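Student: Here is a sequence with its predicted model. Questions after.
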Amino acid sequence: MKKEERLPAGAHFIMGNIALAEGAIAAGCNFVSGYPITPASEIVNRLSVLLPGAGGGFLQTEDEISAICAAIGASWAGCKAMTATSGPGFSLMQENIGFAVATETPLVIVDVQRLGPSTGVPSVGVAGDVIQAARGSHGDYQIIALSPESPQEMFDMTIRAFNLAETYRVPVFILADAFIGHMREQVVIPAQDNVSLLNRKIPAPGTDPMSRQDFLDPAVAPMPVFGRGLKAHVTSSCHDKNGMRNLSDPASMHAFIMKPIEKILTQRDRIVETESDYRSGDTLLVSYGTVSRSAKAALAKGRAAGFKIGLLRLKTIWPFASKEIEAAAQKVKRMVVLENNTGQLFPYIKADAAAYCRVDFMGPRILGQIPDPDDVLKYIQETT
(Lines give C-alpha, C1' and ligand atoms only; values in the text may rest on other atoms or scores of the structure.)
Protein backbone atom coordinates (compact mmCIF):
# COMPACT_ATOMS: atom_id res chain seq x y z
CA MET A 1 0.00 0.00 0.00
CA LYS A 2 1.42 3.35 -1.04
CA LYS A 3 2.24 5.64 1.85
CA GLU A 4 0.29 8.90 1.71
CA GLU A 5 2.36 12.06 2.06
CA ARG A 6 1.43 15.69 2.55
CA LEU A 7 1.47 17.93 -0.49
CA PRO A 8 4.80 19.64 -1.22
CA ALA A 9 5.26 23.40 -1.19
CA GLY A 10 3.91 25.07 -4.28
CA ALA A 11 0.62 25.66 -6.09
CA HIS A 12 -2.04 22.94 -6.09
CA PHE A 13 -5.58 22.67 -7.44
CA ILE A 14 -7.43 21.13 -4.49
CA MET A 15 -10.74 21.28 -2.66
CA GLY A 16 -11.17 23.35 0.48
CA ASN A 17 -11.47 20.36 2.83
CA ILE A 18 -8.16 18.95 1.57
CA ALA A 19 -6.55 22.38 1.94
CA LEU A 20 -7.75 22.49 5.55
CA ALA A 21 -6.27 19.04 6.25
CA GLU A 22 -2.95 20.14 4.75
CA GLY A 23 -3.09 23.29 6.85
CA ALA A 24 -3.57 21.20 10.00
CA ILE A 25 -0.43 19.21 9.27
CA ALA A 26 1.48 22.41 8.52
CA ALA A 27 0.26 23.83 11.84
CA GLY A 28 1.77 20.92 13.78
CA CYS A 29 -1.52 19.16 14.49
CA ASN A 30 -0.68 15.68 15.81
CA PHE A 31 -4.06 14.37 16.95
CA VAL A 32 -7.43 14.34 15.21
CA SER A 33 -10.55 12.52 16.30
CA GLY A 34 -13.75 12.48 14.33
CA TYR A 35 -16.80 10.77 12.98
CA PRO A 36 -17.16 11.21 9.20
CA ILE A 37 -20.05 13.43 8.20
CA THR A 38 -20.94 15.21 4.96
CA PRO A 39 -19.76 17.78 3.94
CA ALA A 40 -16.71 17.52 6.24
CA SER A 41 -15.70 13.89 5.61
CA GLU A 42 -12.74 14.65 3.33
CA ILE A 43 -10.97 16.35 6.23
CA VAL A 44 -10.87 13.31 8.50
CA ASN A 45 -10.35 10.95 5.56
CA ARG A 46 -7.27 12.89 4.50
CA LEU A 47 -5.88 13.27 8.01
CA SER A 48 -6.42 9.60 8.82
CA VAL A 49 -3.80 8.72 6.21
CA LEU A 50 -1.49 11.72 6.68
CA LEU A 51 -1.13 11.81 10.47
CA PRO A 52 0.65 8.47 11.00
CA GLY A 53 3.37 9.55 8.59
CA ALA A 54 3.60 12.95 10.26
CA GLY A 55 4.18 11.56 13.75
CA GLY A 56 0.59 11.95 14.84
CA GLY A 57 -2.52 9.87 15.30
CA PHE A 58 -6.11 9.71 14.10
CA LEU A 59 -8.98 8.21 16.06
CA GLN A 60 -12.33 7.45 14.45
CA THR A 61 -14.87 7.54 17.21
CA GLU A 62 -18.38 6.14 17.49
CA ASP A 63 -19.93 9.62 17.49
CA GLU A 64 -19.11 13.31 17.74
CA ILE A 65 -19.43 13.40 21.54
CA SER A 66 -16.57 10.95 21.79
CA ALA A 67 -14.66 12.81 19.09
CA ILE A 68 -14.51 16.09 20.98
CA CYS A 69 -13.86 14.33 24.32
CA ALA A 70 -10.88 12.52 22.78
CA ALA A 71 -9.55 15.76 21.31
CA ILE A 72 -9.83 17.51 24.69
CA GLY A 73 -7.97 14.66 26.37
CA ALA A 74 -5.27 14.71 23.71
CA SER A 75 -4.80 18.43 24.22
CA TRP A 76 -4.26 17.86 27.95
CA ALA A 77 -1.64 15.27 26.99
CA GLY A 78 0.20 18.00 25.09
CA CYS A 79 -1.07 17.38 21.56
CA LYS A 80 -2.20 20.00 19.09
CA ALA A 81 -5.67 18.51 18.72
CA MET A 82 -8.55 19.00 16.31
CA THR A 83 -11.94 17.58 15.44
CA ALA A 84 -14.03 18.22 12.32
CA THR A 85 -17.77 17.87 11.83
CA SER A 86 -20.94 19.44 10.43
CA GLY A 87 -24.27 20.67 11.84
CA PRO A 88 -25.70 17.59 13.61
CA GLY A 89 -22.30 16.62 14.97
CA PHE A 90 -21.64 20.20 16.03
CA SER A 91 -24.87 20.14 18.07
CA LEU A 92 -23.78 16.95 19.82
CA MET A 93 -20.47 18.55 20.79
CA GLN A 94 -21.91 21.55 22.60
CA GLU A 95 -21.74 20.27 26.19
CA ASN A 96 -18.08 19.39 25.82
CA ILE A 97 -17.29 22.63 24.04
CA GLY A 98 -18.37 24.19 27.33
CA PHE A 99 -16.07 21.77 29.16
CA ALA A 100 -13.16 22.87 26.94
CA VAL A 101 -13.95 26.51 27.64
CA ALA A 102 -14.18 25.93 31.41
CA THR A 103 -10.89 24.03 31.53
CA GLU A 104 -9.15 26.49 29.17
CA THR A 105 -8.27 23.74 26.71
CA PRO A 106 -6.59 24.72 23.42
CA LEU A 107 -8.47 22.98 20.65
CA VAL A 108 -9.46 23.51 17.01
CA ILE A 109 -13.03 22.62 16.04
CA VAL A 110 -13.93 22.63 12.34
CA ASP A 111 -17.58 22.98 11.37
CA VAL A 112 -18.24 22.62 7.64
CA GLN A 113 -21.75 23.98 7.91
CA ARG A 114 -24.75 22.63 6.03
CA LEU A 115 -28.44 23.41 5.67
CA GLY A 116 -30.38 22.50 8.79
CA PRO A 117 -31.75 22.17 11.45
CA SER A 118 -31.60 18.48 12.41
CA THR A 119 -30.32 16.25 9.62
CA GLY A 120 -31.09 18.96 7.07
CA VAL A 121 -29.36 18.70 3.71
CA PRO A 122 -25.81 17.35 3.99
CA SER A 123 -24.61 18.64 0.62
CA VAL A 124 -25.91 22.22 0.75
CA GLY A 125 -23.88 24.91 2.46
CA VAL A 126 -25.63 27.40 4.76
CA ALA A 127 -23.93 29.44 7.46
CA GLY A 128 -26.41 28.17 10.01
CA ASP A 129 -24.16 27.61 13.03
CA VAL A 130 -22.72 31.10 13.42
CA ILE A 131 -24.55 31.89 16.65
CA GLN A 132 -24.32 28.32 17.95
CA ALA A 133 -20.51 28.54 17.82
CA ALA A 134 -20.55 31.38 20.32
CA ARG A 135 -23.71 30.63 22.33
CA GLY A 136 -24.39 26.90 21.85
CA SER A 137 -23.14 25.75 25.22
CA HIS A 138 -24.66 27.02 28.44
CA GLY A 139 -23.37 29.92 30.49
CA ASP A 140 -21.35 32.99 29.58
CA TYR A 141 -18.05 32.55 27.76
CA GLN A 142 -15.92 33.72 24.86
CA ILE A 143 -14.43 31.67 22.06
CA ILE A 144 -12.70 32.52 18.79
CA ALA A 145 -14.28 31.77 15.40
CA LEU A 146 -12.77 32.29 11.94
CA SER A 147 -14.65 32.43 8.64
CA PRO A 148 -12.76 31.38 5.47
CA GLU A 149 -13.97 32.42 2.02
CA SER A 150 -11.75 30.23 -0.17
CA PRO A 151 -9.72 26.99 -0.21
CA GLN A 152 -6.58 29.12 0.29
CA GLU A 153 -8.04 30.53 3.48
CA MET A 154 -9.03 27.02 4.58
CA PHE A 155 -5.27 26.34 4.63
CA ASP A 156 -4.15 29.69 6.03
CA MET A 157 -6.85 30.03 8.69
CA THR A 158 -6.25 26.51 9.98
CA ILE A 159 -2.68 27.47 10.82
CA ARG A 160 -3.92 30.66 12.45
CA ALA A 161 -6.58 28.72 14.38
CA PHE A 162 -3.96 26.47 15.95
CA ASN A 163 -1.76 29.44 16.79
CA LEU A 164 -4.67 31.26 18.43
CA ALA A 165 -5.71 28.15 20.39
CA GLU A 166 -2.17 27.65 21.66
CA THR A 167 -1.69 31.33 22.51
CA TYR A 168 -4.95 31.86 24.38
CA ARG A 169 -5.79 28.34 25.65
CA VAL A 170 -9.26 28.44 24.13
CA PRO A 171 -11.33 26.44 21.61
CA VAL A 172 -11.01 28.04 18.18
CA PHE A 173 -13.63 27.36 15.52
CA ILE A 174 -13.25 27.32 11.75
CA LEU A 175 -16.71 28.01 10.38
CA ALA A 176 -16.58 26.86 6.76
CA ASP A 177 -19.51 25.55 4.74
CA ALA A 178 -20.21 22.94 2.05
CA PHE A 179 -19.45 25.40 -0.75
CA ILE A 180 -15.94 26.22 0.45
CA GLY A 181 -15.29 22.69 1.67
CA HIS A 182 -15.98 21.16 -1.74
CA MET A 183 -14.80 24.03 -3.93
CA ARG A 184 -11.60 23.42 -5.92
CA GLU A 185 -9.24 26.34 -6.45
CA GLN A 186 -5.54 27.05 -6.50
CA VAL A 187 -3.98 26.79 -3.04
CA VAL A 188 -0.38 27.88 -2.54
CA ILE A 189 1.31 25.85 0.19
CA PRO A 190 4.40 27.58 1.60
CA ALA A 191 7.63 25.84 2.53
CA GLN A 192 7.34 24.59 6.11
CA ASP A 193 10.23 26.83 7.19
CA ASN A 194 8.09 29.80 6.24
CA VAL A 195 5.13 28.73 8.41
CA SER A 196 5.09 30.59 11.72
CA LEU A 197 3.97 28.32 14.57
CA LEU A 198 3.13 29.16 18.18
CA ASN A 199 3.07 26.77 21.14
CA ARG A 200 1.38 26.95 24.51
CA LYS A 201 3.29 27.91 27.63
CA ILE A 202 4.04 24.98 29.95
CA PRO A 203 5.20 25.29 33.60
CA ALA A 204 8.52 23.93 34.78
CA PRO A 205 8.18 20.22 35.71
CA GLY A 206 7.78 19.14 39.30
CA THR A 207 6.26 22.34 40.60
CA ASP A 208 3.53 22.25 43.23
CA PRO A 209 0.09 23.05 41.71
CA MET A 210 -0.78 25.06 44.83
CA SER A 211 2.23 27.31 44.31
CA ARG A 212 1.50 28.30 40.72
CA GLN A 213 -1.41 29.70 38.70
CA ASP A 214 -2.75 27.15 36.21
CA PHE A 215 -6.08 28.87 35.38
CA LEU A 216 -7.99 32.16 35.32
CA ASP A 217 -5.13 34.42 34.26
CA PRO A 218 -6.10 37.11 31.72
CA ALA A 219 -2.46 36.99 30.56
CA VAL A 220 -2.94 33.22 29.90
CA ALA A 221 -1.60 30.76 32.48
CA PRO A 222 0.95 28.10 31.48
CA MET A 223 -0.88 24.80 30.85
CA PRO A 224 0.18 21.91 33.15
CA VAL A 225 -0.15 19.15 30.55
CA PHE A 226 -0.09 15.58 31.80
CA GLY A 227 2.86 13.25 31.28
CA ARG A 228 5.57 15.85 31.72
CA GLY A 229 6.25 15.52 35.42
CA LEU A 230 3.54 17.95 36.43
CA LYS A 231 0.81 17.48 39.00
CA ALA A 232 -2.38 19.35 38.24
CA HIS A 233 -6.05 19.42 39.18
CA VAL A 234 -8.44 19.95 36.26
CA THR A 235 -12.19 20.34 36.69
CA SER A 236 -14.96 21.99 34.71
CA SER A 237 -16.73 22.87 37.95
CA CYS A 238 -16.15 26.34 39.33
CA HIS A 239 -12.51 26.46 40.38
CA ASP A 240 -9.84 28.85 41.57
CA LYS A 241 -6.55 29.78 39.92
CA ASN A 242 -4.97 26.53 41.17
CA GLY A 243 -7.74 24.44 39.62
CA MET A 244 -9.29 23.58 42.99
CA ARG A 245 -13.08 23.23 43.07
CA ASN A 246 -14.94 26.04 44.81
CA LEU A 247 -18.75 26.16 44.79
CA SER A 248 -19.31 28.52 47.71
CA ASP A 249 -17.26 31.69 47.31
CA PRO A 250 -19.02 34.38 45.23
CA ALA A 251 -15.72 36.02 44.28
CA SER A 252 -14.38 32.70 42.98
CA MET A 253 -17.58 32.12 40.98
CA HIS A 254 -17.26 35.57 39.43
CA ALA A 255 -13.59 35.00 38.53
CA PHE A 256 -14.39 31.55 37.06
CA ILE A 257 -16.63 33.19 34.48
CA MET A 258 -15.04 36.58 33.96
CA LYS A 259 -11.29 35.87 33.84
CA PRO A 260 -11.47 33.59 30.75
CA ILE A 261 -13.76 36.14 29.07
CA GLU A 262 -11.30 38.92 29.94
CA LYS A 263 -8.48 36.77 28.53
CA ILE A 264 -10.08 36.95 25.06
CA LEU A 265 -11.65 40.40 25.05
CA THR A 266 -8.53 42.23 26.24
CA GLN A 267 -6.69 40.75 23.25
CA ARG A 268 -9.46 41.30 20.69
CA ASP A 269 -7.36 43.73 18.64
CA ARG A 270 -4.81 40.94 18.08
CA ILE A 271 -7.53 38.39 17.30
CA VAL A 272 -10.12 40.20 15.17
CA GLU A 273 -9.30 40.51 11.47
CA THR A 274 -11.41 42.21 8.83
CA GLU A 275 -10.94 43.08 5.17
CA SER A 276 -12.21 46.49 4.15
CA ASP A 277 -12.45 48.66 1.05
CA TYR A 278 -14.83 51.59 1.43
CA ARG A 279 -15.04 55.34 1.21
CA SER A 280 -17.13 58.04 2.84
CA GLY A 281 -20.73 57.98 1.62
CA ASP A 282 -20.60 54.44 0.23
CA THR A 283 -23.24 51.77 0.45
CA LEU A 284 -21.26 49.18 2.39
CA LEU A 285 -21.66 45.44 1.76
CA VAL A 286 -20.97 43.61 5.03
CA SER A 287 -20.37 39.89 4.66
CA TYR A 288 -18.38 36.86 5.79
CA GLY A 289 -17.58 33.37 4.53
CA THR A 290 -18.77 32.14 1.15
CA VAL A 291 -21.16 35.01 0.52
CA SER A 292 -18.17 37.38 0.61
CA ARG A 293 -17.29 36.12 -2.85
CA SER A 294 -20.61 37.44 -4.15
CA ALA A 295 -20.09 40.72 -2.28
CA LYS A 296 -16.66 41.18 -3.88
CA ALA A 297 -18.02 40.47 -7.35
CA ALA A 298 -20.83 42.97 -6.74
CA LEU A 299 -18.26 45.50 -5.54
CA ALA A 300 -16.26 45.22 -8.76
CA LYS A 301 -19.30 45.32 -11.05
CA GLY A 302 -20.94 48.09 -9.07
CA ARG A 303 -17.94 50.40 -9.10
CA ALA A 304 -17.47 49.81 -12.81
CA ALA A 305 -21.10 50.87 -13.27
CA GLY A 306 -20.68 54.01 -11.15
CA PHE A 307 -22.11 52.79 -7.85
CA LYS A 308 -20.74 54.33 -4.64
CA ILE A 309 -20.20 50.98 -2.99
CA GLY A 310 -17.74 49.47 -0.49
CA LEU A 311 -16.95 46.24 1.32
CA LEU A 312 -16.35 45.07 4.89
CA ARG A 313 -15.61 41.35 5.34
CA LEU A 314 -15.50 39.71 8.75
CA LYS A 315 -12.61 37.23 8.70
CA THR A 316 -13.06 36.76 12.43
CA ILE A 317 -16.67 36.29 13.51
CA TRP A 318 -16.04 35.88 17.26
CA PRO A 319 -15.01 37.99 19.11
CA PHE A 320 -17.41 40.18 17.19
CA ALA A 321 -15.95 43.06 15.14
CA SER A 322 -18.02 45.73 16.90
CA LYS A 323 -15.30 48.36 16.78
CA GLU A 324 -14.69 47.92 13.06
CA ILE A 325 -18.42 47.95 12.25
CA GLU A 326 -19.07 51.08 14.30
CA ALA A 327 -16.13 52.87 12.67
CA ALA A 328 -17.42 51.97 9.21
CA ALA A 329 -20.97 53.01 10.08
CA GLN A 330 -19.73 56.50 10.94
CA LYS A 331 -18.36 56.94 7.40
CA VAL A 332 -20.77 55.17 5.06
CA LYS A 333 -24.29 56.14 4.02
CA ARG A 334 -25.84 52.71 4.39
CA MET A 335 -24.97 49.11 5.22
CA VAL A 336 -26.35 46.07 3.40
CA VAL A 337 -25.66 42.87 5.33
CA LEU A 338 -25.25 39.78 3.14
CA GLU A 339 -25.51 36.40 4.87
CA ASN A 340 -26.10 32.89 3.65
CA ASN A 341 -28.78 32.30 6.29
CA THR A 342 -31.84 34.12 7.61
CA GLY A 343 -29.77 36.87 9.20
CA GLN A 344 -27.93 35.41 12.18
CA LEU A 345 -25.38 38.23 12.54
CA PHE A 346 -27.70 40.98 11.30
CA PRO A 347 -28.96 41.94 14.81
CA TYR A 348 -25.38 42.21 16.08
CA ILE A 349 -24.32 44.39 13.14
CA LYS A 350 -27.43 46.55 13.44
CA ALA A 351 -26.84 47.06 17.14
CA ASP A 352 -23.38 48.52 16.43
CA ALA A 353 -24.22 50.47 13.29
CA ALA A 354 -27.82 51.67 13.35
CA ALA A 355 -27.04 54.78 15.42
CA TYR A 356 -24.92 56.09 12.53
CA CYS A 357 -26.40 54.79 9.27
CA ARG A 358 -29.22 52.81 7.73
CA VAL A 359 -28.72 49.03 8.03
CA ASP A 360 -30.54 46.50 5.82
CA PHE A 361 -30.39 42.74 5.43
CA MET A 362 -30.31 40.89 2.12
CA GLY A 363 -30.62 37.15 2.48
CA PRO A 364 -30.42 34.60 -0.31
CA ARG A 365 -33.42 34.43 -2.65
CA ILE A 366 -33.47 30.69 -1.96
CA LEU A 367 -31.66 29.40 1.12
CA GLY A 368 -28.56 27.49 0.16
CA GLN A 369 -27.93 29.55 -2.98
CA ILE A 370 -25.37 32.35 -2.93
CA PRO A 371 -26.78 35.71 -4.16
CA ASP A 372 -25.94 36.63 -7.73
CA PRO A 373 -23.84 39.84 -7.78
CA ASP A 374 -26.32 41.38 -10.22
CA ASP A 375 -29.11 40.71 -7.72
CA VAL A 376 -27.10 42.50 -5.04
CA LEU A 377 -26.76 45.59 -7.22
CA LYS A 378 -30.43 45.40 -8.19
CA TYR A 379 -31.39 45.22 -4.51
CA ILE A 380 -29.30 48.33 -3.78
CA GLN A 381 -30.96 50.24 -6.62
CA GLU A 382 -34.50 49.20 -5.75
CA THR A 383 -34.18 49.93 -2.02
CA THR A 384 -32.22 53.19 -2.12
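Tutor: On my side now, so go ahead.
Student: pretty sure residue 6 is touching residue 54, no?
Tutor: Yes - with the criterion set as Cβ atoms under 8 Å, residue 6 and residue 54 qualify as a contacting pair; they are 6.7 Å apart. The way it works is simple: take the backbone N, C-alpha and C, and place the C-beta from them, glycine included.
Student: Need the overlap of contacts for those two.
Tutor: residue 25 (Cβ atoms under 8 Å, 6 or more residues apart in numbering).
Student: Tell me, how many residues neighbour the closest residue to residue 330 other than its chain neighbours?
Tutor: Among residues not flanking residue 330 along the chain, residue 356 sits closest, at 4.9 Å (Cβ to Cβ, 6 or more residues apart in numbering). Applying other Cβ atoms under 10 Å, we find 16 other residues in the vicinity of residue 356.
Student: what's the answer for the one 10 residues further on, then?
Tutor: Using other Cβ under 10 Å, residue 366 is surrounded by 7 other residues.
Student: quick one on the thing from earlier: tell me the secondary structure of the residue nearest to residue 330, please.
Tutor: When the structure is split into helix, strand and coil by DSSP: H, G, I helix; E, B strand; the rest coil, residue 356 lands in coil.
Student: got a list of what it touches?
Tutor: By Cβ under 8 Å, 6+ apart, the residues touching residue 356 are 326, 329, 330.
Student: of those, buried ones?
Tutor: Listed as buried from the contacts of residue 356 are residue 329; burial here means 16 or more other Cβ atoms under 10 Å.
Student: Let's have the contacts of residue 356 in a markdown table, adding distance to residue 168 and pLDDT.
Tutor: Listed next are these as a markdown table, based on distance: Cβ to Cβ, whole Å; pLDDT from 0 to 100:
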| residue | distance to residue 168 | pLDDT |
| --- | --- | --- |
| 326 | 24 | 98 |
| 329 | 28 | 98 |
| 330 | 30 | 98 |
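Student: Filter the contacts of residue 356 down to the ones in helices?
Tutor: Using DSSP state H, the members of the contacts of residue 356 that fall within helices are 326, 329.
Student: Please look at residue 27 and residue 159 and confirm they touch.
Tutor: Yes - with contact defined as Cβ under 8 Å, residue 27 reaches residue 159; the gap is 4.4 Å.
Student: what sits in contact with each of those two?
Tutor: What both residue 27 and residue 159 touch, as defined by Cβ under 8 Å, 6+ apart, is the set 195, 197.
Student: could the contacts of residue 356 be laid out in CSV, adding distance to residue 111?
Tutor: Formatted as CSV, the entries for the contacts of residue 356 read as follows, by distance: Cβ to Cβ, whole Å:
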residue, distance to residue 111
326, 28
329, 29
330, 33
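Student: Tell me how far the residue nearest to residue 330 lies from residue 326.
Tutor: Taking Cβ to Cβ, to the nearest Å as the criterion, residue 356 is separated from residue 326 by 7 Å.
Student: What are the boundaries of the helices in the chain?
Tutor: In the chain, the helices defined using DSSP H lie at 16-26, 41-50, 64-76, 87-92, 94-102, 130-135, 151-168, 178-182, 250-265, 268-271, 291-304, 322-329, 346-353, 373-383.
Student: Need these in JSON lines (columns: distance to residue 238).
Tutor: Converted to JSON lines, the helices of the chain look like this (distance: least, Cβ to Cβ, whole Å):
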{"stretch": "helix 16-26", "distance to residue 238": "33"}
{"stretch": "helix 41-50", "distance to residue 238": "34"}
{"stretch": "helix 64-76", "distance to residue 238": "18"}
{"stretch": "helix 87-92", "distance to residue 238": "25"}
{"stretch": "helix 94-102", "distance to residue 238": "9"}
{"stretch": "helix 130-135", "distance to residue 238": "20"}
{"stretch": "helix 151-168", "distance to residue 238": "21"}
{"stretch": "helix 178-182", "distance to residue 238": "38"}
{"stretch": "helix 250-265", "distance to residue 238": "4"}
{"stretch": "helix 268-271", "distance to residue 238": "25"}
{"stretch": "helix 291-304", "distance to residue 238": "40"}
{"stretch": "helix 322-329", "distance to residue 238": "29"}
{"stretch": "helix 346-353", "distance to residue 238": "29"}
{"stretch": "helix 373-383", "distance to residue 238": "48"}
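Student: Please identify which of the ones you listed is closest to residue 197.
Tutor: Counting by Cβ to Cβ, residue 197 lies closest to helix 151-168 out of the helices of the chain; the figure is 6.7 Å.
Student: Now do that closest one, average pLDDT.
Tutor: Mean pLDDT, taken over the full extent of helix 151-168, equals 98.
Student: other SSEs contacting it?
Tutor: helix 16-26, strand 107-113, strand 144-146, strand 171-177, helix 178-182, strand 184-189 (3 or more Cβ pairs under 8 Å, 6 or more residues apart in numbering; DSSP states H and E).
Student: what lines up beside the fourth one in the sheet?
Tutor: Pointing back at strand 171-177 there. Applying DSSP bridges to the sheet, strand 171-177 is found paired with strand 107-113 (parallel), strand 144-146 (parallel).
Student: Identify each buried residue in it, please.
Tutor: Counting neighbours by 16+ other Cβ under 10 Å, strand 171-177 gives 171, 172, 173, 174, 175, 176, 177 as buried.
Student: In this structure the first one contacts residue 105, no?
Tutor: Yes - between residue 171 and residue 105 there is a contact under Cβ under 8 Å: 6.9 Å.
Student: coming back round to it: and the helices of the chain, which is most packed in?
Tutor: Burial among the helices of the chain, expressed as mean neighbours by mean count of other Cβ atoms under 10 Å, is greatest for helix 16-26, which shows a mean of 28.
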